[in-house]
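A.B. asks: Fold the following, please.
(one chain, ligands or ions: 1)
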Amino acid sequence: MTDRELIQYAIEARKQAYTPYSHFQVGAALLAEDGTVYGGCNVENAAYTPTNCAERTAFFKAVSEGKRKFTAIAIVAAPEGAPLRKTAPCGVCRQVMMEFCDPESFRIISAASPEDYEVYTLAQLMPMGFGPADL
Ligand code: THU
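C.D. replies: Numbers count the residues shown, from 1 in each chain. Take a look at the predicted model:
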């Protein structure tokens, strides 16, 4: 799975975003170590705080289907009707990544299109992060 293909998957996943409150639509595509891809979108809620980000939707789908190891995630986002922009994952999603990913090798692909993207490791976006290795 190339970065380009993973971004395209995230663009498709974003089409299911449920965002009646923020109208900010996010799509994610999570690549498991075995090559399986899990899409995710943000799912908002009238009570606001139960809202789930696209990245965590993808993680929880994958973990609920037995996957525990991941190599990369592509993220695309924009307000409804606007061009995609490079967006970084929120702090809560970074913490969920810490649970299941190697911070030095897990790649976070922040994309505006399949051709225009930046790649960060989890360690770069979560310096001194707390994870299972600390317990
Ligand atoms: N959101 C995500 O899905 N992922 C992020 O990394 C940032 C924020 C969602 C949550 C909410 O539905 C909307 O974007 C505005 O915060």
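
A.B. asks: I'd like the distance between the spatially most central residue of the chain and Ile108.
C.D. replies: Central residue of the chain (CA atoms, centre = their mean): Glu55, 3.0 Å from the mean position. Separation of Glu55 from Ile108 (CB to CB, to the nearest Å): 9 Å. C-beta: built from backbone N, CA, C; applies to glycine.

A.B. asks: Give the residues shared as contacts by the two.
C.D. replies: Shared contacts of Glu55 and Ile108, defined by CB atoms under 8 Å, 6 or more residues apart in numbering, are found at Ile73, Ile75, Pro89, Met97.

A.B. asks: from the middle of its chain, how far away would the helix or strand the second one falls within be?
C.D. replies: In other words, Ile75. According to DSSP states H and E, Ile75 maps onto strand 70-79. The chain centroid and the centroid of strand 70-79 are separated by 4 Å, computed with CA atoms, centre = their mean, to the nearest Å.

A.B. asks: now check it, is it near the ligand?
C.D. replies: No. Using CB under 6 Å from any ligand atom, strand 70-79 stays clear of the ligand, with a minimum separation of 6.6 Å.

A.B. asks: Now do that strand: which elements does it pack against?
C.D. replies: helix 3-14, strand 24-32, helix 54-64, strand 107-111 (3 or more CB pairs under 8 Å, 6 or more residues apart in numbering; DSSP states H and E).

A.B. asks: tell me which residues in it are buried?
C.D. replies: For strand 70-79, burial by neighbour count (16 or more other CB atoms under 10 Å) applies to Phe70, Thr71, Ala72, Ile73, Ala74, Ile75, Val76, Ala77, Ala78.
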